[in-house]
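Engineer: need coordinates for the below:
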Amino acid sequence: MTPLLDIRDLNVYFDTYRALDDVSLSVGKGESFGLVGESGSGKSTLLRAVAGLAPVAGGTIAVEGEEIKGSRRSRDFHRRVQMVFQDPYGSLHPRQTVDRQLLEPLAIHGIGDTEPRIRRALDEVGLGPSFRFRFPHQMSGGQRQRVAIARALILEPKILLLDEPTSALDASVQAEVLNLLEQVRKEHGLTFIMVSHDLGVVTHLCERLAVMQHGRVVETLSSTDLAGGRMRADYTRHLMTASLGFAR
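Structural biologist: From the prediction side, this is the model:
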């Protein structure tokens with residue numbers, strides 16, 4: 001079976017610094033896949049490379065068997081692949097209402113019948129119609145992230161790239177947003193690729209994960225094996241021990 005997302009020997013350079021070093025992984029349709037590792041390991045760079053936001057120096061990225069060429073991403077790509085960033089306040093336009101920010105992707109892609117789509121998108125993330133005409137500063141961090149998720153969902157993509165979607169939120173709100181993500185994944189049959197520092201979050205939401213260090217994939221394993229301490233690499237073992245939720 002062809003993977004929904006297939007990455008082979010991917011390299012990313014920033015000047016002389018090699019941010020990704022021959023990274024390969026594949027993610028199946030409907031799968032939730034995690035990327036973990038310390039800061040600077042290349043997790044977010046990998047997501048940004050897929051989204052066309054980081055310069056790819058070599059290797060291939062394929063979605064549904066179709067190789068993505070060059071740094072520009074087509075409209076069709078963005079219909080299929082959407083990204084949710086770490087900081088919802090930074091990813092939302094501070095001077096645009098929620099309504100305008102949800103309308104914009106529909107207008108860019110020439111999608112009509114916007115009214116029911118906007119209402120449905122807000123309803124799916126647990127926000128009522130009263131939020132449509134609020135500005136980002138009039139909402140809490142959790143509400144802003146829900147808007148960011150609604151904006152990603154409104155184009156009905158197949159893949160969501162999640163760059164630490166709860167790390168900027170209060171601990172009391174993180175579980176709500178994670179449960180929301182799991183719910184929409186099941187309802188829409190979405191495929192997730194999720195970056196997180198928190199191994200507890202990854203094992204809660206993801207079925208498999210890749211452990212990254214210095215721009216390379218150290219190993220790929222199931223979240224069940226991670227939680228059970230069944231890993232090959234010493235780095236993965238040290239990472240698990242260092243994670244607060246996995247202290248032994």
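
Engineer: sec struct for the residue nearest in space to the middle of the chain, please.
Structural biologist: Nearest to the geometric centre of the chain sits residue 162, at 1.4 Å (Cα atoms, centre = their mean). Look at residue 162: counting by DSSP: H, G, I helix; E, B strand; the rest coil, its state is strand.

Engineer: and residue 186, by the same measure?
Structural biologist: Per three-state DSSP, residue 186 ends up helix.

Engineer: got it, and residue 8?
Structural biologist: strand.

Engineer: pLDDT weak spots in this structure?
Structural biologist: 1, 244-248 (pLDDT under 70).

Engineer: for it, which segments count as strands?
Structural biologist: 5-14, 17-27, 32-36, 56-63, 66-67, 81-84, 159-163, 191-195, 208-213, 216-222 (DSSP state E).

Engineer: and the residue nearest to the residue nearest to the centre of the chain when sequence neighbours are not counted, how many neighbours does it have?
Structural biologist: Once flanking residues are discounted, residue 162 sits nearest to residue 194: 4.1 Å by Cβ to Cβ, 6 or more residues apart in numbering. No exception for glycine: its C-beta is placed from N, CA and C like everyone else's. Residue 194 has 26 neighbours, counted by other Cβ atoms under 10 Å.

Engineer: residue 194 bridge partners, please.
Structural biologist: In this entry, residue 194 is beta-bridged to residue 34, residue 162, by DSSP bridges.

Engineer: for it, give its distance to residue 202.
Structural biologist: Counting by Cβ to Cβ, to the nearest Å, the gap from residue 194 to residue 202 is 7 Å.

Engineer: common neighbours of those two, please.
Structural biologist: Residues touching both residue 194 and residue 202 (Cβ atoms under 8 Å, 6 or more residues apart in numbering): residue 34.

Engineer: list the buried residues for stretch 106-120?
Structural biologist: 106, 117-118 (16 or more other Cβ atoms under 10 Å).

Engineer: could I get those as JSON lines with distance to residue 142?
Structural biologist: JSON lines is the format used below for the buried residues of stretch 106-120 (distance: Cβ to Cβ, whole Å):
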{"residue": "106", "distance to residue 142": "24"}
{"residue": "117", "distance to residue 142": "23"}
{"residue": "118", "distance to residue 142": "20"}
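
Engineer: just the ones of these in helices?
Structural biologist: 106, 117-118 (DSSP state H).

Engineer: wait, residue 141 sits on residue 171?
Structural biologist: No. Using Cβ atoms under 8 Å, residue 141 is not in contact with residue 171, being 11.5 Å away.

Engineer: of the two, who's got more company?
Structural biologist: Per other Cβ under 10 Å, whichever of residue 141 and residue 171 has more neighbours is residue 141, with 17 against 7.
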